[in-house]
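Chemist: only geometry, no sequence info:
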């Protein structure tokens, strides 16, 4: 594919004209073609990917990092020590409701087909105290893995569903994968690739099995192909259209719109790739 020119970046929503989003970190693909993003003061935004407009549907009351949607349309937002469930009507509640949380800094959620929600708990910056939490559909919350402790961040299930890929933002910055054993427990962790001199943040797969990695610092997105070759997909040295890209997601009815949240700005960016993203899991809880 080669590196994409900055001319192939669009202000998808927000931008410099009219109202903007409040420093979005999370961006998630909705099950019906829409997208969702979060804001610095707890805003939860629903994005119409056809009209390229957004509306605020709720507020969690705390900074929203990563988001995920279930099959009933509910949004699960990582907000500090909590995961907040948001309905389409804007109602909010802690997830799970029993408040047995052992989370310190919930960062990114991922559903599997069975309704288990994996949540990266980043812990404290440079303290190597992160972990992966697993919340079962019946509300049990357990520490699933402590194999990646150096600020675990964005995550994604691989196309087979047998591995959970996890960003480790520090020591060194890298992508790791953790096997999901047949009994649901965490297996061995294995380094996929190191990304020196970066702070990686988000992950997304396309239907061909290529992995996309967004970096908060510097403002660039990498593509890791199926042969293990790493190339820069796009970068913005001016830190303007692509500005501290955190989470990325293939959105739209055909999953052919690659969107990036920009923590350093107030808009969502579209990266023109011509690529279709892998279908996500939207289990009914």
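Modeler: Cool, got the structure. Quick caveat, the model's predicted, so the values are computed rather than measured.

Chemist: CA only for contacts and neighbour counts going forward, please
Modeler: Fine.

Chemist: name the nearest residue to the residue nearest the centre of the chain, sequence neighbours excluded.
Modeler: Central residue of the chain (Cα atoms, centre = their mean): residue 247, 4.4 Å from the mean position. Leaving aside its sequence neighbours, residue 247 sits nearest to residue 202 (Cα to Cα, 6 or more residues apart in numbering; 4.4 Å).

Chemist: list the contacts for the one you found?
Modeler: By Cα atoms under 8 Å, 6 or more residues apart in numbering, the residues touching residue 202 are 153-155, 167, 213-215, 246-248.

Chemist: and the helices in the stretch 51-200 of the chain, which stretches?
Modeler: Using DSSP state H, counting those that start in this stretch, the stretch 51-200 of the chain contains no helices.

Chemist: residue ranges in it under the pLDDT threshold?
Modeler: Confidence mapping of the stretch 51-200 of the chain against pLDDT under 70 gives the ranges 98-101.

Chemist: make sure residue 187 is actually in contact with residue 178.
Modeler: Yes: with contact defined as Cα atoms under 8 Å, residue 187 counts as touching residue 178 (6.1 Å).

Chemist: more neighbours, those two?
Modeler: residue 178 (20 against 16; other Cα atoms under 10 Å).

Chemist: grab the nearest non-local neighbour of the more buried one.
Modeler: residue 189 (4.3 Å).

Chemist: and the gap between that neighbour and residue 167?
Modeler: 12 Å (Cα to Cα, to the nearest Å).

Chemist: return every residue with contacts to both of those two.
Modeler: Each of residue 176 lies in contact with both residue 189 and residue 167 under the rule Cα under 8 Å, 6+ apart.

Chemist: between those two, point out the one with more neighbours.
Modeler: Legend: neighbour count by other Cα under 10 Å for residue 189 and residue 167, higher for residue 167 (29 against 19).
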